[in-house]
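> can't give you the sequence, but here's the structure:
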Ligand code: ADP
């Protein structure tokens with residue numbers, strides 16, 4: 001639909017003189033579009049075969065017939081890796097969808113209080129015997145206009161990350177509030193924290209501070225990229241405050257115009 005993409009910069013040289021540089025970025029733009037389409041297509045095509053593999057692995061494990069003990073461990077590992085692959089594909093697809101089109105299409109007035117109650121409960125289940133203390137402070141009367149599915153995905157990513165990167169018995173605090181600037185959601189933990197040099201790169205795809213730890217916790221490396229895109233689509237902004245060994249706070253800001 002758009003055949004040419006131009007980028008330009010203007011430099012002023014004193015009185016009345018200026019230099020304008022125009023760059024044709026059509027090729028770059030088309031390549032980027034091809035990359036996005038390719039990722040979306042591949043992820044979509046791989047989902048079905050993987051569902052079959054996971055299905056059979058589950059059937060084998062649940063089977064009444066005795067399994068050769070030698071196969072118990074490999075089977076368990078195959079199932080774990082296959083479900084990791086499923087999460088990765090789901091996140092890739094989600095990200096591909098978020099990257100195409102800047103506008104949120106299915107907007108409703110989302111009850112964030114209610115959503116957070118559910119997310120807190122799921123996070124407590126994820127924590128299980130690791131016994132995190134997860135508290136929630138959300139009692140607003142207002143709702144946020146946006147995509148329920150996207151917002152849920154973004155907020156869950158932040159809260160589940162807090163569980164993943166906070167040692168056993170750690171504390172996690174979720175807060176949702178409004179002021180004259182807009183609405184804000186913060187997720188604070190007293191976990192491993194993040195060194196300053198990593199913070200500005202965290203929302204890049206597949207960026208990880210410590211890839212071995214992240215792989216152990218089952219992360220895909222796409223969570224914060226998803227958060228960033230969801231916020232962009234809702235005219236929101238993400239702030240990250242963190243210090244190693246002290247903990248991290250992730251804050252999402254939404255403009256007042258999104259409140260209903
Ligand atoms: P992952 O799937 O690896 O968790 P994310 O995009 O969600 O990917 O996060 C990127 C990286 O940011 C993580 O690998 C981790 O190093 C760091 N990170 C995210 N959340 C936290 C947190 N609450 N505490 C410490 N580190 C975090």
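Arrived safely. Because the structure is a prediction, the values reported are computed rather than measured.
> that's a helix at residue 97, yeah?
Yes. The assignment for residue 97 is a helix, going by DSSP: H, G, I helix; E, B strand; the rest coil.
> list the buried residues for the top helix by length along the chain?
Ordering each helix of the chain by length in residues (DSSP state H) puts helix 26-62 first. By neighbour count on 16 or more other C-beta atoms under 10 Å, the buried set for helix 26-62 is 39, 40, 43, 46, 50, 54, 57. The way it works is simple: take the backbone N, C-alpha and C, and place the C-beta from them, glycine included.
> cool, and stretch 172-191?
172-176, 182-191.
> which ones among those are found in strands?
Among those, the residues falling in strands (DSSP state E) are 172-176, 182-189.
> ok, for residue 78, nearest residue in space, not its chain neighbours?
Nearest non-adjacent residue to residue 78, counting by C-beta to C-beta, 6 or more residues apart in numbering: residue 57, 5.7 Å away.
> let me fix that: residue 89
Using C-beta to C-beta, 6+ apart, the nearest residue to residue 89 is residue 43, at 4.8 Å.
> does that neighbour touch residue 93 like I think?
Yes. In this structure residue 43 lies within contact range of residue 93 using C-beta atoms under 8 Å: 4.5 Å.
> where does the stretch 101-250 of the chain dip in pLDDT?
101-102, 213-215 (pLDDT under 70).
> now the helices for the stretch 1-150 of the chain?
26-62, 69-99, 112-127, 148-164 (DSSP state H, counting those that start in this stretch).
> so which elements touch the shortest one?
Meaning helix 112-127. strand 133-138, helix 148-164, strand 171-179, strand 182-189 (3 or more C-beta pairs under 8 Å, 6 or more residues apart in numbering; DSSP states H and E).
> how far does it sit from its chain's centre?
Centre-to-centre, helix 112-127 and its host chain are 16 Å apart (C-alpha atoms, centre = their mean, to the nearest Å).
> repeat that for the longest one.
On the basis of C-alpha atoms, centre = their mean, helix 26-62 is displaced by 18 Å from the centre of the chain it belongs to.
> quick one, that helix and helix 69-99 angle?
For helix 26-62 against helix 69-99, the angle between stretch directions is 150 degrees (axes from the mean of the first three to the mean of the last three C-alpha atoms, to 10 degrees).
> and the chain, which residues reach the ligand?
When proximity is defined as C-beta under 6 Å from any ligand atom, the chain approaches the ligand at 157, 161-162, 165, 189, 191-192, 194, 202, 207-210, 214, 219-225, 248.
> buried members of those residues into PyMOL, please.
Remark: buried members of the residues of the chain next to the ligand, expressed as a PyMOL selection using 16+ other C-beta under 10 Å:
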select buried, resi 157+161+162+165+189+191+192+194+202+207+208+209+214+219+220+221+222+223+224+225+248
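> what residues does the closest residue in space to residue 177 that isn't next to it in sequence make contact with?
Leaving aside its chain neighbours, residue 177 sits nearest to residue 184 (5.7 Å; criterion: C-beta to C-beta, 6+ apart). The contact partners of residue 184, taken as C-beta atoms under 8 Å, 6 or more residues apart in numbering, are 175, 176, 177, 178, 251, 252, 253, 254.
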